[in-house]
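Colleague: can you look at this prediction? I've put the sequence above it.
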Amino acid sequence: MARDLAASRQTVEQLKVRQEQLVRDNENLASQLKASREEMARYNSSIDQIKATQIQMARESQTLNERLNASQEQLARVIANASEPSPVSEPAEMIPEDSKVSPEEPKVMHEIPLPRPRQSANVAQTQKPAPTPARPQAKKPQPPFAWPWSVR
């Protein structure tokens, strides 16, 4: 009986240790789950921001496309007007101010800021370090049938 009681106590102790381990594992899993949910919420927020940015970029692209088309049409009209021969050739001083053809000014839309022009990087102006004089080396004789990629 004493032996059974000692075995039962040992079993109970093992069960308590196992239960404590399970509690710790559950706490770890719960904290990992919470962290994963927070991370997923951040990702979803980022995805929503990206989608909103894409929509805005599509709208801006459409607006710029429309402006470009309008500018091209305007340019085509100006070129067509300029290339039409005038029926009466009068000196410029004789043409009234109202009938003079003036180039149309492009319309400025303040909805979307235009990009700033980039500074040109002239490669020729950048200073390169002076090459160090190389020691003369003897050339290896090349066979007359060498492949182009094997020639140095």
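Modeller: Ah, there it is.

Colleague: Lys16 and Ala30, how far apart?
Modeller: 21 Å (C-beta to C-beta, to the nearest Å). For glycine as for every other residue, the C-beta is placed from the backbone atoms N, C-alpha and C.

Colleague: Arg67 now?
Modeller: When Arg67 is compared with Ala30 (using C-beta to C-beta), they lie 55 Å apart.

Colleague: show me which of those two is the more surrounded one.
Modeller: Arg67 (15 against 10; other C-beta atoms under 10 Å).

Colleague: all the helices of this structure, in order from the start?
Modeller: Counting by DSSP state H, the chain has these helices, from start to end: 2-83.

Colleague: okay, now the unreliable bits of it?
Modeller: Applying pLDDT under 70 to the chain flags the ranges 86-152.

Colleague: if we use 80, what do you get?
Modeller: For the chain, the stretches with pLDDT under 80 are 83-152.

Colleague: how close does Val23 get to Ala35?
Modeller: 19 Å.

Colleague: ok, now Gln19?
Modeller: Taken as C-beta to C-beta, the span from Gln19 to Ala35 is 25 Å.

Colleague: go on, Asp4?
Modeller: For Asp4 relative to Ala35 (C-beta to C-beta), the value is 46 Å.

Colleague: repeat that for Asn44.
Modeller: From Asn44 to Ala35 the distance is 15 Å (C-beta to C-beta).

Colleague: fine, thanks again, bye for now.
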